[in-house]
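A.B. asks: Sequence and computational prediction follow.
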Amino acid sequence: MHTPVTIIGAGLGGLTLARVLHVHGIPATVYEAEPSPTARAQGGMLDIHDNNGQPALQAAGLIDEFHGLILEGREAIRVLAPDGAVLLDEADDGTGGRPEVQRGELRQILLDSLPAGTVRWGHKAGSVRALGDGRHEVTFADGTTVVTSLLVGADGAWSRVRPLLSDATPEYAGISFIETYLLDGDTRHPASAKAVGGGSLFALAPGKGIQAHRESGGTLHTYVALRKPQDWFAGIVFPDSATAAARIAQEFDGWAPELTALITDGETAPVLRPINALPIEHQWDRVPGVTLLGDAAHLMPPSGEGANLAMYDGAELGKAIAAHPDDVEAALTEYERALFPRSAAEATEAVRLHELMFGDNAPQGLINMFTGHE
Ligand SMILES: Cc1cc2nc3c(=O)[nH]c(=O)nc-3n(C[C@H](O)[C@H](O)[C@H](O)COP(=O)(O)OP(=O)(O)OC[C@H]3O[C@@H](n4cnc5c(N)ncnc54)[C@H](O)[C@@H]3O)c2cc1C
């Protein structure tokens, strides 16, 4: 390989790939659209699973650094009824296998583990074209170009690399999340902090729900879910925070005040996050010199797996390239052969989970899943 592996996107997937390649002595360059590592808050907690996210960090040689980030006790789960009654309350006994960390801190240990200059910030890929013989030319928004013999699209949901491989584009999954943050919950929002408990809260009903996490510093981070068409949200002016929050809260009329406060009492503006997904069976025929990982390959409704899978893809691809240093096609074939069935199985599971959470049997479907009574 005569050019560094060229990775588009410095999310968790692209960075894990770059790091695993580095561990194997293979140079890589990551081109990232954002101008700097701090350009956007990386908010949110991620549970990192022992069957995908953690093995990826092991392959990256960063498992000890990861252990240093774990927030103790955050695997606790509470399911509340709309009136606030406790339906399920499971403490974190330390045996869950899904420890929680802050996404920004996880990204930082990956960034810190790469040689200086590996990530080229402020490089938004605009277009990509095939030059033949497995080579590709990427043109960035500023007009500069790079030519590579191994291109990896790790550029998320709206990947600019994906069209080289597939015609698929993400479609609205029929549900949107509204994200809010209540800061310093124990002091400023004690009733809501108590409702959330030490880890995750789920308050669900058919077609809607309030999910919240206790993050570091007592921050209460909430995703309010509503199964509604995108047009419905278009009528709400999100920059007008108070009015938008009040309108969303109307959908939860009659719910316990400590739950609706998670919508209305946020210290930051509520952010609308429409949920999109690629087809469950999304795959492509082998195209020389290019592949995808993470959301670019298999965007699915949030199921707590997306970041884990992106990291796992990155590690698996890195290992495959290291195992076939002189044969890019053998590496990509091996990687994709496992990627496609793995992604389809996880996407099927994500759709099933959303049905348990927001379908007609909510919240009982989710409780059955947590208690092993499905
Ligand atoms: C509301 C919500 C909640 C979620 N909660 C969880 C959770 O609890 N646990 C979990 O595991 N997953 C969760 N996910 C999914 C998870 O966030 C994604 O699956 C994961 O971030 C995918 O990683 P990635 O590296 O593939 O892509 P991304 O994280 O999207 O990273 C892509 C990177 O590419 C950059 N980029 C994009 N376009 C270009 C371009 N043209 N040129 C250069 N760079 C570009 C972006 O700036 C970004 O840095 C959630 C998703 C949503 C929407």
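C.D. replies: Cool, got the structure.
A.B. asks: which parts of the stretch 51-200 of the chain sit against the ligand?
C.D. replies: Neighbours of the ligand within the stretch 51-200 of the chain, by Cβ under 6 Å from any ligand atom: 124-125, 154-156, 160, 177. All C-beta atoms are positioned from the backbone trio N, CA, C, and that covers glycine.
A.B. asks: Just the buried subset of those residues, written out for ChimeraX, thanks.
C.D. replies: Selecting only the buried entries of these in ChimeraX, with 16 or more other Cβ atoms under 10 Å as the criterion:
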select :125,154,155,156,160,177
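A.B. asks: CSV for the residues of the stretch 51-200 of the chain next to the ligand, including pLDDT, secondary structure and distance to Val79?
C.D. replies: Output for these, formatted as CSV (pLDDT from 0 to 100; DSSP: H, G, I helix; E, B strand; the rest coil; distance: Cβ to Cβ, whole Å):
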residue, pLDDT, secondary structure, distance to Val79
Lys124, 98, coil, 41
Ala125, 98, strand, 42
Ala154, 98, coil, 35
Asp155, 98, coil, 36
Gly156, 98, coil, 31
Arg160, 98, coil, 40
Phe177, 97, strand, 18
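A.B. asks: now the residues of the stretch 51-200 of the chain next to the ligand as a markdown table including distance to Asp184?
C.D. replies: Formatted as a markdown table, those follow (distance: Cβ to Cβ, whole Å):
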| residue | distance to Asp184 |
| --- | --- |
| Lys124 | 36 |
| Ala125 | 39 |
| Ala154 | 35 |
| Asp155 | 35 |
| Gly156 | 31 |
| Arg160 | 40 |
| Phe177 | 23 |
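A.B. asks: Which of the residues of the stretch 51-200 of the chain next to the ligand sits closest to Pro115?
C.D. replies: Among these, Ala154 lies closest to Pro115 (Cβ to Cβ), at 17.9 Å.
A.B. asks: Just the closest of the residues of the stretch 51-200 of the chain next to the ligand to the ligand, please.
C.D. replies: Distance ranking of those against the ligand, using Cβ to the nearest ligand atom, places Gly156 first at 2.8 Å.
A.B. asks: Tell me which two in the residues of the stretch 51-200 of the chain next to the ligand are the farthest apart.
C.D. replies: Using Cβ to Cβ, the pair of these lying farthest apart is Ala125 and Phe177, separated by 26.8 Å.
A.B. asks: in what helix or strand does Asp89 lie?
C.D. replies: Assigned by DSSP states H and E, Asp89 belongs to strand 86-90.
A.B. asks: Sort out which residues of that strand are buried, please.
C.D. replies: Burial within strand 86-90, assessed by neighbour count using 16+ other Cβ under 10 Å, is assigned to 87, 90.
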